[in-house]
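Peer 1: coordinates only, sequence not included:
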């Protein structure tokens, strides 16, 4: 079942004539002929859950926006910075008009007249394509004043970021869009009440908004028939890491994970085995090869103690050590921590330092307990979930691969004792991503 | 977040403690920089770009990032001169702009070569050998190429990959590093055979359907729309200007 990826490789789909030939913007026409409440009801009925990571129901989020004539905003989160995620990139590059149509419909449903797409600065090619598509849509009257002769008006602006993971977090994104450093805000008030420029703001991911035209076409109830009862519809899954055919795949939610990793993505390379995998980007607690038969949907993943997140599966095979992956993950979050909340700023940096202690042979198994407790103390104690995003995978690696990490500690101690490890972390050489040099 | 001071090693005495002065952010003997006069000379092109950006938003400060991008494109980095010019047009303090410029990885707060090569060394790419490629890239780089290891660039399907002046290329191997530098310095498209923009979707069902259209190509994006253009099919399909027909049974919803 393909909705978002239906014929996505057609040349010229990024231009208006091809998109229109395939029935593009017909759903906007249909939606505009309905009352906004009816459109919103379709989205509510579809049970569509946010595809950006949190999995919050879009219809519910949109219904939190106060009604009334105040200035409200829709922000499309195209910052896609979760490691392992690259589905929005393909959507925006190949079918930008689908996103624009989704934005136009959603803003009609929520009574919004001003919308922004916040795209990460690195996606230069995709931003150019979107910019051209917005100009085309404006020219053709699908955006702007009184769209298609209806009372709906929408001004859509593309905003390019400049490289910061935290700007994918919704309130960090809003600060960045207001022209500030992208520091997350205290919630509540949630953006639906007070967001961009203090106005009520609906923030949704590219994939979520791109799904909206399909919901209008199929009808909300019909769409809800796809997938499982609580995870409706199709989902783009980005599979990467140690698989033979990495890429984006559109699946119906609830597909067995093994079928995605081995069936679609071709599985691990010959002679290798899955050691562990991240089911929803590098922020999600890891699962092992015993969990490969779990159904890939929001609730099954939550029950397994992890999360579906942005739908980014990263497979790690047995040629890699847990320590090396943990180090990459921890360093990334330490680098990307904005520094506003102490538990995250300090916790991520100390986790990196403790992992370095393991490598340099200075650690004892007790360090693993300290690391686990640091992770525990980050979770839930910050303004946003960046700290949690490091603590959860690292915590799960310590819990699930404790034996291997202990062996690693012992081996490194022996190497250090025999003098083979003299200059693993030379004093005064800061790693690009490690933050300040630890004082020894 | 790049805090310029953190990227460089902190100067230390032999016994490990910090050399005084490394953390002095400002010169306290100077007066604080104020909003520059609007009459400060600014290149016309830059002024136009910033004014156009400011007009797009309800609050002019939202244009900070686009304005800094424009200034960096012109000056090569966010130099004091570039910051002053942006501040003069936007009528904000230089400190405000510097606070923003230091937060984002794509802004250069010190002079760097103009050609950017961002090598993704995040988890998916490093599993596929990004660290070896990064080493090779550093070795191949000349004075005109700025090679940096970068956060996940959102192209793990072509891991290990790099963004060369915004063009995504991959999957890369160490032997590609000198080719990237050659292509860059010669002004050619970088690794034309490995550019992401030409890559078809991995999904097998999509790939099967894709054959109907021929292989995707950047050169002929509209090759197959002859006869399907907007002028040809208005008869059977309402155009954008057609009025909406509201169904009568609206209240049933």
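Peer 2: Cool, the structure landed. Here the structure is a predicted model, which is why all the values come from computation and not from measurement. Numbering: from 1, shown residues only, chains lettered A, B, ... in the order given.
Peer 1: packing partners of the helix or strand hosting residue A:411?
Peer 2: Following DSSP states H and E, one finds residue A:411 within helix A:402-417. Other elements packing on helix A:402-417 under the criterion 3 or more Cβ pairs under 8 Å, 6 or more residues apart in numbering or on different chains; DSSP states H and E are helix A:322-336, helix A:342-359, helix A:365-378. For glycine as for every other residue, the C-beta is placed from the backbone atoms N, C-alpha and C.
Peer 1: out of these, nearest to chain B?
Peer 2: helix A:322-336 (4.9 Å; Cβ to the nearest Cβ).
Peer 1: got the angle between that closest one and helix A:365-378?
Peer 2: Interaxial angle, helix A:322-336 versus helix A:365-378 (axes from the mean of the first three to the mean of the last three Cα atoms, to 10 degrees): 40 degrees.
Peer 1: mind checking the pLDDT average for the strand ranked longest in chain A?
Peer 2: As assigned by DSSP state E, the longest strand anywhere in chain A is strand A:234-241. The average pLDDT within strand A:234-241 is 96.
Peer 1: what about it and chain B, any contact?
Peer 2: Yes: Strand A:234-241 lies within reach of chain B by Cβ under 8 Å from any Cβ of the partner chain, at A:238, A:240-241.
Peer 1: I'd like the next helix or strand past that strand.
Peer 2: strand A:247-252.
Peer 1: just list the residues touching the residue in the stretch 101-250 of chain B that chain A sits nearest to, thanks.
Peer 2: Residue nearest to chain A within the stretch 101-250 of chain B: residue B:202 (2.3 Å; Cβ to the nearest Cβ). By Cβ atoms under 8 Å, 6 or more residues apart in numbering or on different chains, the residues touching residue B:202 are A:245-249, A:265, B:157.
Peer 1: whichever of the residues you listed end up buried, select them in PyMOL.
Peer 2: Per 16 or more other Cβ atoms under 10 Å in any protein chain shown, the buried members of the contacts of residue B:202 correspond to this PyMOL selection:
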select buried, (chain A and resi 246+247+248+249+265) or (chain B and resi 157)
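Peer 1: would you turn the contacts of residue B:202 into CSV with distance to residue B:115 and pLDDT?
Peer 2: Formatted as CSV, the contacts of residue B:202 follow (distance: Cβ to Cβ, whole Å; pLDDT from 0 to 100):
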residue, distance to residue B:115, pLDDT
A:245, 32, 95
A:246, 28, 95
A:247, 29, 95
A:248, 29, 96
A:249, 35, 95
A:265, 34, 94
B:157, 25, 94
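Peer 1: next, give phi and psi for residue 203.
Peer 2: You didn't pick a chain, so chain A it is. When read as degrees, to the nearest 10, the backbone of residue A:203 gives phi -120, psi 120.
Peer 1: give me the pLDDT for it.
Peer 2: 96.
Peer 1: list the buried residues for the helix holding residue A:411?
Peer 2: A:405-406, A:408-409, A:412-413, A:416.
Peer 1: residues in contact with that helix?
Peer 2: Contacts of helix A:402-417 (Cβ under 8 Å, 6+ apart): A:321-323, A:358-365, A:367-368, A:397-398, A:421.
Peer 1: of the residues you listed, grab the buried ones for PyMOL.
Peer 2: Typed into PyMOL, the line below selects the buried ones among the contacts of helix A:402-417, using 16+ other Cβ under 10 Å:
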select buried, chain A and resi 321+322+323+358+359+360+361+362+363+367+368+397+398+421
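Peer 1: relative to residue A:133, which of the helices and strands packed on helix A:402-417 is closest?
Peer 2: Smallest distance to residue A:133 across the helices and strands packed on helix A:402-417 (Cβ to Cβ): 29.8 Å, for helix A:322-336.
Peer 1: pull the number of nearby residues for residue 88.
Peer 2: You didn't say which chain, so I picked chain A. 31 (other Cβ atoms under 10 Å in any protein chain shown).
Peer 1: that's the wrong chain, I wanted chain B
Peer 2: 20.
Peer 1: who touches it in this structure?
Peer 2: Residue B:88 touches B:35-40, B:42, counting by Cβ under 8 Å, 6+ apart.
Peer 1: ok so it is a helix residue?
Peer 2: Yes: assessed by DSSP: H, G, I helix; E, B strand; the rest coil, residue B:88 belongs to a helix.
Peer 1: if I look at the residue of chain A found nearest chain B, how far off is residue A:393?
Peer 2: For chain A, the residue closest to chain B is residue A:247, as judged by Cβ to the nearest Cβ, at 2.3 Å. The gap separating residue A:247 from residue A:393 is 23 Å, by Cβ to Cβ, to the nearest Å.
Peer 1: what's the answer for residue A:293, then?
Peer 2: On the measure of Cβ to Cβ, residue A:293 and residue A:393 end up 21 Å apart.
Peer 1: neighbour count: the two, which is higher?
Peer 2: residue A:393 (26 against 10).
Peer 1: wait, that one touches residue A:280, no?
Peer 2: No: look at residue A:393 against residue A:280 with Cβ atoms under 8 Å: they stay out of range, at 10.2 Å.
Peer 1: how about residue A:274, what does it touch?
Peer 2: A:242, A:261, A:268, A:288-289, A:292, A:315-318.
Peer 1: and residue A:112, by the same measure?
Peer 2: A:65, A:72-74, A:106, A:154, A:202.
Peer 1: could you rerun that using 7 Å?
Peer 2: Shown in contact with residue A:112 (Cβ atoms under 7 Å, 6 or more residues apart in numbering or on different chains): A:72-74, A:202.
Peer 1: swap in residue B:58?
Peer 2: Contact analysis of residue B:58 by Cβ under 7 Å, 6+ apart lists residue A:197.
Peer 1: pLDDT score for it?
Peer 2: 94.
Peer 1: before we move on, what about residue B:246?
Peer 2: We have a pLDDT of 54 for residue B:246.
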